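Chemist: have a look at this fold, sequence not included:
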C-alpha cells in the first residue's frame, strides 16, 4: 500500500498544476510548489498579439505540447494610453487571459516589467511618460519611480482582486520586475544599482505571495531570482546557491524587420539547447516565443519591426502548429518529465566522456537515476561508453536516459511529423473571386498634400518628430513656402537643382509644388534617412512639403526613450552647376500632426466623403481606399495578400491589421536553402526569403469578420493598385515523417522493459491535424536511403519496392497510423546500411 500511495503522490505532484492556496517558494534546485520541487516548462504568449477568440486554442495547444506555464508581459502603453485612463477590454483583457490559462490547468508567469522591450512600440512604455517634468526613465528618478510603482501596484492589485495569485488559489506562480536591465545598466552609472535595489524592494513590498525574478540582472538583490535570456543558457549560474537555475527567454527563433530576410531556428538546435539546460541543473525554461502572433495597429517597435511577430515559434502567427518544432519539443518535454523525480531530488553530477562529450547523472539515495549524454561538438558523431553500454551521439545532440540505461530521446532524431503549410488564394463565400469583388466596389479619397488642418502651427526651425507628435500618429508634415526670384541661380540650373534632406528617420516623402519628387527609407540597422532629390523650381513661390513617418519607436537600449525621429536637418537647396547652397533649416516651417484622413476617422469606413467613380486612382501617393467584401469561406486562418500595394496601413471593420509594406524587399543574398543545426545559433545564421518582400501576407483574424458586408480601408502612402489585393487561407498541404532504424522508440511508447522496447522498435507515425480529416493520399513513401525534406523527398540509391503499398495499406482512410521502421516490415533493400522510412501524405 505504501508503494501505491508514493506512486500516487508523485503522479499528483507532477500532473496537478495548482490547487487552492498553493504555497510557492524556491530553493537552490527549483521552484517549490506546496513543498514539492518542480521541473517546469513554460512558453510565452502575448495576449495583445492575438485575439480573445484565439486564446483558448493557443493555450490548449500549449498544454498539449507539454507546457506547464504560460508567460506573458504586461503592456503598459496598451492598458494606460492616457495617464489615468485604463483599457482592459478586448485584446487587452489581461484578467480574462489569465483566467483562461487557469481553466486549462496551467500556471502563469506574469512579467509586469513594466518595461518589456518585446519589439513593442517604445518598449511598452506609454509615451506620455516622456513628457512628465523632470522624468528620466529606468533610473533612480523620483517621477519615474512614482509612475512605475503606481502601474505595477495597479496590476498586482487587479490580480489580487480576482484571486489570481497562487497564494489565493490562482495560477500566477511568478512575477517579473524590470527586464534585461543588466544588459545596459552601466550606461546609467551608480544610479542603476540604486534603482535596481529600489525596484526589487518595491516589488516585494506588494506582497504577491509568489517569487519575483529579474532577467539578465546578475546583481539582483535577495530575494529576487536572477534569470537568463538567450539562445543557450546551460552555462548560466544564478548569483546565489539558494536560487534555482531559470531561463526566462529561450529564443525559439527571432523577430523580423522590414527590409530584412526572415530568420528561423532549426528544431534540432532548439531541442539541444533545452536538453542541455535541464542536463546541467536547470529546472525552469521558457520559450520566447511559443506563439508570437501579430503586431496589430501601431504596436510594432524597432523601428522597422514587421507586423508579423511569428518568431518561428512552435505555434505560428496564425495559431497553427509549426511541425516538426512543436511535436519534437513535446517529445523533449515528455522525456525530461520522465526524469523529473530524480532531477528534483538531487544535484547533477557531470563527467567527461571525451572531447566535447559529457555525461550528467541525477541519482538519488533511493535508487532513482536519470542521465543526459551530450555531444556538443559541431562536426563529428561519436560513440561513447556509459555504464558499460555503448551509445551513439550525433554531433550537437543530447540523449536522455530516464533510467540511466535506455535512451528515450535524442534531440537530433525527430520522431514527430512535419508539415508543409501554404497560403492558398481564396474565394469569398459566394464563390466569387475575392479579387473581383474588391475590384468592382472601390471608393477613394485623396489625402491633401501638405497642410490641411486648422490645428497646424508654425515654428522657426526643424522640430524633432516624436516630441512633436507624442506618437499620436505615424505622420508629421513639415511645410515651407520659399520664394525664388527670376534671377535666382537655381532657375538657371533647371533640373540640376537638388533638395538635400537629412532626417533621423524613419521614412520620408518629399513633395515639390504638390507633386512627389522623391522619397527615402531607413532600415533596422540604420533608421536615418538622407536623400538628394533633383527638383525643378519655378519663379515665385515654391511649396516644399515633407511627410515624415515613424515605423514603430525604439524599444531597446540605454536611453532608448530619447532616440528621436523626423526631419532634423539640414534641409538645403543645392545648385549643382554653380555650387550655390541655401539652407532652409532655420526658416519658418508649418507643422501638421497626422493626416486629414485620420482626423476625419476614415479608417472606420463610415465617412460621407468617399468618392466612387470608374476612374479608380492607381499608383498615386496619399490615397485612401475603401471596399466591402464577404468573408472567405471555411474556417482556416486568413491572410490578406498586399501584392500590388506600396506602403501604408489597413483596417478591417475599423480594426487595424497593422502597417503593410510589401515593396520593402530583403537583400538577394545571405539565405540558405538548408541550415546546419550543428553549432551555435545566431539570429543571422539561418535566413530565408531573400530577394522577396519581408512581409507580403497580413493576418486577418476571423473573429473580426462578418459573413458579408465587411469594410476594408487602406491608406496608401507611396502608390499602389488595390485591385490586386486578394485573400489567402493558411492550409496544411502535406504531413510527413522520416524515421530511421537508429531512432529511439516514440516517447509515448517508452518503457524500462527491454523486451517490450525491442518489440516496439523505431516507429513512424502520421496523423491528420483536424479531427474530421483522414489520410486520403500517400504522396511519397520510401524505405532505404531517401533524400530531401517534407514536400521534396526523393528516392535514394536503395529502396524497398514494397514501401508505398505497405504504407497505403496501413494509413489510407485512417486519421492516424503507425508503422514499424524495420526490415521485418519492408524487407532489406541494402544490407549493412542503416535504413530510413520517409513518408509524405495528405489529408482531406
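Modeler: Nice, thanks for sending it over. Since this is a predicted model, take the numbers as computed values, not measurements. Numbers count the residues shown, from 1 in each chain.
Chemist: just checking, what packs against whichever strand or helix holds residue 335?
Modeler: For residue 335, the element it lies in under DSSP states H and E is helix 325-338. Identification of packing neighbours for helix 325-338 by 3 or more Cβ pairs under 8 Å, 6 or more residues apart in numbering; DSSP states H and E yields helix 267-279, strand 397-401, strand 409-410. (Each C-beta comes from the backbone N, C-alpha and C, glycine too.)
Chemist: any idea which helix or strand comes after it?
Modeler: Following helix 325-338 in sequence, per DSSP H and E, is helix 340-343.
Chemist: was I right about residue 409 contacting residue 746?
Modeler: No: between residue 409 and residue 746 no contact is recorded; they are 9.2 Å apart, counting by Cβ atoms under 8 Å.
Chemist: have a look at these two and say which one is more surrounded.
Modeler: Counted by other Cβ atoms under 10 Å, residue 409 and residue 746 do not tie: residue 409 has more neighbours, with 30 against 20.
Chemist: for the more buried one, give me its contacts.
Modeler: Residue 409 is in contact with 331-332, 334-335, 399-400, 415, 744, 747, counting by Cβ atoms under 8 Å, 6 or more residues apart in numbering.
Chemist: what about 7 Å?
Modeler: Contacts for residue 409 were tallied using Cβ atoms under 7 Å, 6 or more residues apart in numbering; they are 331-332, 335, 400, 744, 747.
Chemist: how about JSON lines for the residues you listed, with neighbour count and pLDDT added?
Modeler: Listed next are the contacts of residue 409 as JSON lines, based on neighbours: other Cβ atoms under 10 Å; pLDDT from 0 to 100:
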{"residue": "331", "neighbour count": "26", "pLDDT": "98"}
{"residue": "332", "neighbour count": "26", "pLDDT": "98"}
{"residue": "335", "neighbour count": "28", "pLDDT": "98"}
{"residue": "400", "neighbour count": "27", "pLDDT": "98"}
{"residue": "744", "neighbour count": "23", "pLDDT": "94"}
{"residue": "747", "neighbour count": "21", "pLDDT": "95"}
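Chemist: ok, of the residues you listed, which one's closest to residue 686?
Modeler: Among those, residue 332 lies closest to residue 686 (Cβ to Cβ), at 19.5 Å.
Chemist: for the closest one, which non-adjacent residue is closest in space?
Modeler: residue 271 (5.1 Å; Cβ to Cβ, 6 or more residues apart in numbering).
Chemist: now the one you found: how far from residue 626?
Modeler: 48 Å (Cβ to Cβ, to the nearest Å).
Chemist: compare those two (neighbour count), which wins?
Modeler: Shown here are residue 271 and residue 626; by other Cβ under 10 Å, residue 271 has more neighbours (27 against 24).
Chemist: neighbours around residue 538, how many?
Modeler: 11.
Chemist: apologies, that question was intended for residue 606.
Modeler: Around residue 606 there are 12 residues (other Cβ under 10 Å).
Chemist: which SSE is residue 361 in?
Modeler: strand 357-363.
Chemist: okay, strands next: where are they in the stretch 601-750 of the chain?
Modeler: Under the criterion DSSP state E, counting those that start in this stretch, the stretch 601-750 of the chain carries strands at the ranges 623-629, 638-641, 648-652, 655-660, 687-688, 697-700, 710-716, 726-740.
Chemist: tell me how far the fourth one lies from the chain's centre.
Modeler: Between the mean C-alpha point of strand 655-660 and the mean C-alpha point of its chain there is a distance of 17 Å (Cα atoms, centre = their mean, to the nearest Å).
Chemist: pLDDT of that strand, averaged?
Modeler: Strand 655-660 shows a mean pLDDT of 98.
Chemist: with the second one instead?
Modeler: Model confidence over strand 638-641, given as mean pLDDT, is 98.
Chemist: pairing partners for that strand, with directions?
Modeler: Within its sheet, strand 638-641 is paired with strand 697-700 (antiparallel), strand 726-740 (antiparallel), according to DSSP bridges.
Chemist: also the fifth one?
Modeler: For strand 687-688, the pairing partners within the sheet under DSSP bridges are strand 262-263 (antiparallel).
Chemist: list the contacts of the partner strand.
Modeler: 253-254, 256, 312, 683, 686-689.
Chemist: just the buried ones from the residues you listed?
Modeler: The neighbour count (16 or more other Cβ atoms under 10 Å) marks 253-254, 256, 312, 686-689 as buried among these.
Chemist: columns distance to residue 295 and mean neighbour count on top of the strands paired with strand 638-641, output as a markdown table?
Modeler: What follows is those, written out as a markdown table (distance: least, Cβ to Cβ, whole Å; neighbours: other Cβ atoms under 10 Å):
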| stretch | distance to residue 295 | mean neighbour count |
| --- | --- | --- |
| strand 697-700 | 10 | 24 |
| strand 726-740 | 18 | 21 |
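Chemist: any idea which of those strands gets closest to residue 357?
Modeler: strand 726-740 (21.7 Å).
Chemist: in terms of secondary structure, what does the next helix or strand after the closest one contact?
Modeler: Counting by DSSP H and E, the next helix or strand C-terminal to strand 726-740 is helix 754-760. If you count contacts as 3 or more Cβ pairs under 7 Å, 6 or more residues apart in numbering; DSSP states H and E, helix 754-760 packs onto no helix or strand.
Chemist: what about 10 Å?
Modeler: strand 816-820 (3 or more Cβ pairs under 10 Å, 6 or more residues apart in numbering; DSSP states H and E).
Chemist: and the strand it packs on, what's buried?
Modeler: 817-820.
Chemist: out of the helices and strands packed on helix 325-338, which comes closest to residue 643?
Modeler: Here helix 267-279 is closest among these (Cβ to Cβ), at 30.4 Å.
Chemist: how much does that closest one deviate in direction from strand 397-401?
Modeler: Helix 267-279 and strand 397-401 are oriented at 50 degrees to each other (axes from the mean of the first three to the mean of the last three Cα atoms, to 10 degrees).
Chemist: average pLDDT for helix 267-279, rounded please.
Modeler: Per-residue scores along helix 267-279 average to 98.
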